[in-house]
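Novice: Could you look at this predicted model? Sequence included:
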Amino acid sequence: MSAGLSIAREEWRLWARSRVVLLAGVIVAVLLVVTSALTALRVADEAEARAARQASAEATFLAQPDRHPHRMVHYGHYAFRTPPPLAAFDPGVDAVTGQSIFLEGHRQNTAMFADARAGADLGGFAGLTPANIYQLLLPLLLIIIGHGVLLRERESGTLAVLLAQGQSALTLAGGKALALAGVVGAFLLPVTALAAYGAARGEPALTAALMVAGYGLYLAVWAALILAVSLWVRQRSVALGVLIFVWLLTALVVPRLGINAGSAAIDAPGKIESDLVMLAEQRKLGDGHNAADPAFAALQKQVLEQYGAEKVEELPMNWRGVVAGYSEKKLTDLMNQYAEKRMAQEAEQSRIVTLFGFASPTLAVGAASRTLAGTDLATHHRFLREAEALRFDFVQGLNDLHATKLTFADDAKRSADPEAEKRTRVNAAAWRLLDDFRFVPDPAAARAARAALPLAMLLGWLVLLGGAIVAGARRLRP
Amino acid sequence: MTALLREARFMLRDRGAMVWIALALLLSAAATGFGIAEVRDQRATIAVLLEEDAKDRANAISKYDAWGDAAYDAFHLTYAPPSKLAFAALGQRDTAPWLHRVRMLALEGQIHEADTRNADFGLIGRFDFAFLAATVAPLLLILLLHDLRAGERVAGRHDLLVATAGRALRLWLPRAGMRFAALALALLLPFWAGALVEGAPALQVLAASGLVLGALLVWWLIVEAVGRRPGTPAALLAALVGIWLALALILPAVAKTAIEASHPVPDGAEILMLQREAVNDAWDKPKAATMEPFLARHPEWRAHGTVDKPFEWKWYYAFQQVGDMQAEPIVRAYREGRLARDRAAGIAAFLSPASLVERGFERLAGTDTQAMIGYEDRVRAFHAELRAFHYPLLFRDPPYDPLAFEKLPRYQPPR
């Protein structure tokens, strides 16, 4: 062990004296610190702004004057997705999805105003985030630092001396691995700091720790690859070429090819397309604004029988409100059916993309990181579902008021008779039926479970490369 | 000539070089193939929707007997079809909507609707030809050319070769030029084939090819400048990769952050809230509060502008428009802000050949920010046409005749 440690220490000493390593290290460190600070500030700002908007949207809803309840159905409400604490490290899909939804009767709107739509377009990469730097730049830095880790000894002739002195090749490889592990450990400091910052802002320890562990695993995979290549290749320039080639494929090419493949394999219709198909079906359900729509004949017959009435005018409640509530329920079932189908297709596409993680650790760590941070597609889908539940709740509450607080006669006359119109206004105190909405990420255990597959992929890579290192060390000749 | 032939033979025997060139060919073919599949998919979607849209509108109109009801329920498809070069650069089409269905209601409540696709797509990005040419190709060129000199130096032949050749240029130019040409061809051949299949205009393809070659030339010069310095192949490669990283990744990202910080755009959610409040408040306000601003904008309807009943369709559509009018300043700021960011990004792109290539491709393919804002402008113009069509019917209120809807304006995509 002490031999391994002294080998590692020698390596660290050399790196610390290398101007290239220091320069590259300083540049990446500065970039990482600045990006982390900027992202953390921005996300904290966003979280605050969105929470404030959510509260103000609720206050405005409650502050509406006396009105016809159906007017409040169309007045609507907003749901905001507040970013979780770890979004400061990995904002994930936040920039792409839009952060607020307008909720109203008869419609499921999309999340609007994604930052990406208003962003400056400089091609290629989304803006820098700490997660991006970890996924793309740190492996490259590790390659620049470490590609000569063993080949240096070979090229300067010290490898032969070391082996001739009876140093076992495995110990040698172990020492070099230790050296690289030290660098990885140093690289992990910023993510540890950000995870701790997240934990201080309410992130469970489990996900914060797994985040650090995930990136530790990812960088360890790269370190193992660097050592393996260094053992199997005889020239330093070839090793560097091979490593950069692998980086190019795993970091730049495979993830994007995965996206192409996911998009080509499953044709998930956009929302407008699926809405149009749905609309055709919806027309059959009848228009909830028009209680005379023939689509409601069966309902009418059933309700009249239930109350022993001849005409809807004789019912103890407002028939129009009953129809509004009934058709909203039917319509929502239909909309949810389409929304669930669309989300299932998107989830399937993303599953295909994640499977490309077997070919690209970068993709795997990205999936794990977004999942753990609570900024992945699945979390966004849950936001959509919860926003929909909120929508349905207040709309049906209002439809209930419509059915019970208004008379059918007034309601029918209100467009022509100002006095009847006044009587159809419900007291504003009733708007308190609106629930508070605070979006929170999944529980830590659920996120950890979802991140298990990509983390296992990384572990698989590490084991595989570990095998390559041992095999390479066994056949090491000067 | 003989020098070129010699170098060609030499390159064909260099396994390392052939790997990079074959990889470029493979990636280019994949990017082009996937790109063509995607634009065909998008065109097919539009074709299906056009048909469904017409059917749905006819159905909606047939159900009513009042102008206002029919206008309320009739949707109109607007779309931006992918251009013939779009297969090479999907650009903003993955984040900005290119499909809408609009109706006579307030436009601001509709035009910001995002036809969301899988968010992971927008986040990770597609592997299209523009990305390959802008970001990946330079790295391949670096791998291909970085050790021409240093490799010979390590092999101990460098000085002999230079002395034999007489002038250094006679030796290195054909060697590097041959590799450069092979890489460029490997990249461009599948692209040209794709352009042929898609029927892209020759001038655009020429310009796009020029862009690729021009950017690669810049990278070649960089490799030349670094490659002349003494140093081991590994050290040169490390330096070149550092330069690539700075130019292709870090500079664009830093520029993007700086531009977005210095050119704020209003929060889009504000547009929606403002417009929504305006439209909803109108119900509770006296009718004049809606009709006055409306008639100020449309004095031609003053003679028909009185509203007597609690609900009249002309008043309903008037307050929809007044809602849009109230949001106008912030909408303008949102649009101008995005254009200003785009202009700034256009200037900043000169710092990075990668950004320049990608933006150039998006411009040629009509998938850049300007093109997407242009689409929004067309939707606005079309919505204005819809209003111009409906207002005479709503204000004069002639007897209902569904045949009148045969003259409904149709959305025309750009040629």
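Specialist: Cool, the structure landed. Numbers count the residues shown, from 1 in each chain, chains lettered A, B, ... in the order given.

Novice: shaky segments in the chain?
Specialist: No chain specified, so I'll use chain A. For chain A, residues meeting the criterion pLDDT under 70 lie at A:1, A:124-126, A:283-288, A:291.

Novice: if you could check chain B rather than the one you did, that'd help
Specialist: For chain B, the ranges with pLDDT under 70 are B:1, B:116, B:150, B:161, B:166, B:168-169, B:415.

Novice: Provide a list of residues in contact with the residue nearest in space to the middle of it.
Specialist: Closest residue to the average C-alpha location of chain B: B:Thr367 at 2.5 Å, with C-alpha atoms, centre = their mean. Listed by C-beta atoms under 8 Å, 6 or more residues apart in numbering or on different chains, the contact set of B:Thr367 reads B:82-83, B:86, B:89-93. Where C-beta positions appear, they are placed from N, C-alpha and C, glycine not excepted.

Novice: Check whether it sits in a helix, strand or coil.
Specialist: coil (DSSP: H, G, I helix; E, B strand; the rest coil).

Novice: The nearest residue to it once chain neighbours are set aside and B:Gln204, how far apart?
Specialist: Nearest residue to B:Thr367 in three dimensions, chain neighbours excluded: B:Gly91, at 3.1 Å (C-beta to C-beta, 6 or more residues apart in numbering or on different chains). According to C-beta to C-beta, to the nearest Å, B:Gly91 and B:Gln204 sit 14 Å apart.

Novice: out of the two, which sits in the more crowded spot?
Specialist: Neighbour count, other C-beta atoms under 10 Å in any protein chain shown: between B:Gly91 and B:Gln204, B:Gly91 has more, with 26 against 18.

Novice: what about the strands in the chain?
Specialist: In the absence of a named chain, this looks at chain A. Ranges of strands within chain A are A:77-80, A:100-104, A:107-112, based on DSSP state E.

Novice: my question was about chain B
Specialist: B:76-79, B:99-102.

Novice: number of nearby residues for the closest residue to A:Arg342 other than its chain neighbours?
Specialist: Ranked by C-beta to C-beta, 6+ apart and with sequence neighbours excluded, the top spatial neighbour of A:Arg342 is A:Ser274, at 5.6 Å. Using other C-beta under 10 Å, the number of residues around A:Ser274 comes to 18.

Novice: In contact with the residue in the stretch 201-350 of chain B positioned nearest to chain A, which residues are there?
Specialist: Nearest residue of the stretch 201-350 of chain B to chain A: B:Gly268, at 3.0 Å (C-beta to the nearest C-beta). Residues counted as contacts of B:Gly268 (C-beta under 8 Å, 6+ apart) are A:112-113, A:117-118, B:112, B:334.

Novice: Let's see that with 7 Å instead.
Specialist: The contact partners of B:Gly268, by C-beta atoms under 7 Å, 6 or more residues apart in numbering or on different chains, come to A:112-113, B:112, B:334.

Novice: ok, now how distant is the residue most central in space within chain A from A:Phe383?
Specialist: Closest residue to the average C-alpha location of chain A: A:Asp376 at 1.6 Å, with C-alpha atoms, centre = their mean. Relative to A:Phe383, A:Asp376 is positioned 11 Å away (C-beta to C-beta).

Novice: before we move on, what about A:Pro443?
Specialist: From A:Pro443 to A:Phe383 the distance is 15 Å (C-beta to C-beta).

Novice: higher neighbour count, these two?
Specialist: Set A:Pro443 next to A:Phe383 and count neighbours by other C-beta under 10 Å: A:Phe383 wins out with 20 against 12.

Novice: quick revisit: help me confirm that the residue nearest to A:Arg342 comes into contact with A:Tyr338.
Specialist: Yes. Contact criterion C-beta atoms under 7 Å: A:Ser274 and A:Tyr338 qualify, at 5.3 Å.

Novice: What is the burial count for the nearest residue to B:Leu85 once chain neighbours are set aside?
Specialist: Of all residues not flanking B:Leu85 in the chain, B:Ala365 sits nearest, at 4.1 Å (C-beta to C-beta, 6+ apart). By the measure other C-beta under 10 Å, the count of residues near B:Ala365 is 28.

Novice: Identify the residues contacting B:Ala365.
Specialist: Contacts of B:Ala365 (C-beta under 7 Å, 6+ apart): B:83, B:85-86, B:88-89, B:91.

Novice: Please convert the buried members of these into PyMOL selection syntax.
Specialist: Applying 16 or more other C-beta atoms under 10 Å in any protein chain shown to those, the buried members can be selected in PyMOL as follows:
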select buried, chain B and resi 83+85+86+88+89+91
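
Novice: which among the contacts of B:Ala365 gets closest to chain A?
Specialist: Nearest to chain A among these, with distances taken as C-beta to the nearest C-beta, is B:Gly91, at 7.6 Å.

Novice: Quick check: the closest one touching B:Arg363?
Specialist: No. With contacts counted by C-beta under 7 Å, B:Gly91 stays clear of B:Arg363, the gap being 9.0 Å.

Novice: Show me the common contact partners of those two, please.
Specialist: With C-beta under 7 Å, 6+ apart, B:Gly91 and B:Arg363 have no common neighbours.

Novice: what about the longest helix in the chain?
Specialist: In the absence of a named chain, chain A is used. For chain A, the helix with the greatest residue count under DSSP state H is helix A:19-62.

Novice: was after chain B, sorry
Specialist: Per DSSP H, chain B has its longest helix at helix B:15-62.
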